[in-house]
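K.L.:
model the structure of this input:
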Amino acid sequence: MKKKCILITALIFFLTAPLAMASPWGGRGGEDGPRWGMGMDPQFIESLDLTQEQMDMIRELKSNHIKDTTPVRSKLVGKRAEMKLLWLQKEPDVNAIKAKHREIHELTGQMQEKSIDFRMAILNTLTTEQRTKVLALGLERGQKFRHKKIAPERGMKKGPRK
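P.N.:
Presented below is the predicted three-dimensional model:
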C-alpha cells in the first residue's frame with residue numbers, strides 16, 4: 001500500500017511538473033525574464049538608452065535562452081523529484097542517492113553554462129559606453145548584496161568577542 005501511494009504521488013508530480021514550469025523562468029524574475037547581476041528591470045534598461053535594434057536583439061536572445069533551457073530545467077525538476085523519492089525510502093540507498101546527486105549537479109552546471117552564454121550574448125549587443133554602465137551598476141549592486149549577507153537578521157550579530 002505504501003509503495004502504491006509513493007508511486008501515485010510520483011506520477012502526479014511528474015504529470016504536473018510541466019504546469020509548474022509553464023512560467024518561462026520558473027516563477028522567478030519579472031515580466032522581462034530573470035533578474036540577474038546586470039539588472040534586467042525596466043528602469044535599468046531605460047537608463048542604458050538602448051536602440052530599438054538592441055531591444056529586439058535582447059528579446060530574441062531571451063526567447064532563445066528560454067527555449068534552450070526549458071528541456072534542461074524540466075529534467076532538473078524530474079531528477080530532484082527522483083532524489084526526494086530516494087530519500088523517502090525506508091532504507092535509502094547511498095549509491096543511488098550519490099548517483100542522482102551527480103546527475104543533478106551535471107544538469108545544474110549545464111544551466112549555469114547556458115546562463116553565462118546568455119549574459120555574454122547580451123553584453124556583446126551593447127556599445128562600449130553601455131557595457132561600462134552595466135558593469136559599474138552591477139558592481140554597485142554586488143556590494144550592496146554583500147552587505148545584506150552579514151545583516152544581523154542572518155545570525156551575524158555584533159557584540160563583544162570572547
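
K.L.:
which helices and strands does the lengthiest helix in the chain pack with?
P.N.:
Taking DSSP state H as the criterion, the chain has its longest helix at helix 52-88. When contacts are defined as 3 or more Cβ pairs under 8 Å, 6 or more residues apart in numbering; DSSP states H and E, helix 52-88 packs onto helix 2-20, helix 94-125. To be clear about C-beta, it is placed using only N, CA and C from the backbone, and glycine gets the same treatment.

K.L.:
most packed of those?
P.N.:
helix 94-125 (a mean of 14; mean count of other Cβ atoms under 10 Å).

K.L.:
okay, the angle between that helix and helix 52-88?
P.N.:
Angle of helix 94-125 versus helix 52-88, following axes from the mean of the first three to the mean of the last three Cα atoms, to 10 degrees, is 170 degrees.

K.L.:
what helices or strands is helix 94-125 leaning on?
P.N.:
Against helix 94-125 (3+ Cβ pairs under 8 Å, 6+ apart) you get helix 52-88.

K.L.:
may I see the buried residues of the helix it packs on?
P.N.:
Neighbour-count burial for helix 52-88, counted by 16 or more other Cβ atoms under 10 Å, picks out 54, 57-58, 61-62, 65, 69, 72-73, 75-80, 82-83, 85-86.

K.L.:
returning to what we had before: and the helices and strands packed on helix 52-88: which comes nearest residue 43?
P.N.:
Among the helices and strands packed on helix 52-88, the nearest to residue 43 by Cβ to Cβ is helix 94-125 (16.9 Å).

K.L.:
before we move on, back to that, any idea of the mean pLDDT in the longest helix of the chain?
P.N.:
Average pLDDT, helix 52-88: 94.

K.L.:
please apply the same query to stretch 97-111.
P.N.:
On average, stretch 97-111 scores 96.

K.L.:
and the contacts of it?
P.N.:
Stretch 97-111 has contacts (Cβ atoms under 8 Å, 6 or more residues apart in numbering) with 69, 72-73, 75-76, 79-80, 82-83, 86-87.

K.L.:
kindly reformat the helices and strands packed on helix 52-88 as a markdown table containing distance to residue 132.
P.N.:
Formatted as a markdown table, the helices and strands packed on helix 52-88 follow (distance: least, Cβ to Cβ, whole Å):
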| stretch | distance to residue 132 |
| --- | --- |
| helix 2-20 | 39 |
| helix 94-125 | 11 |
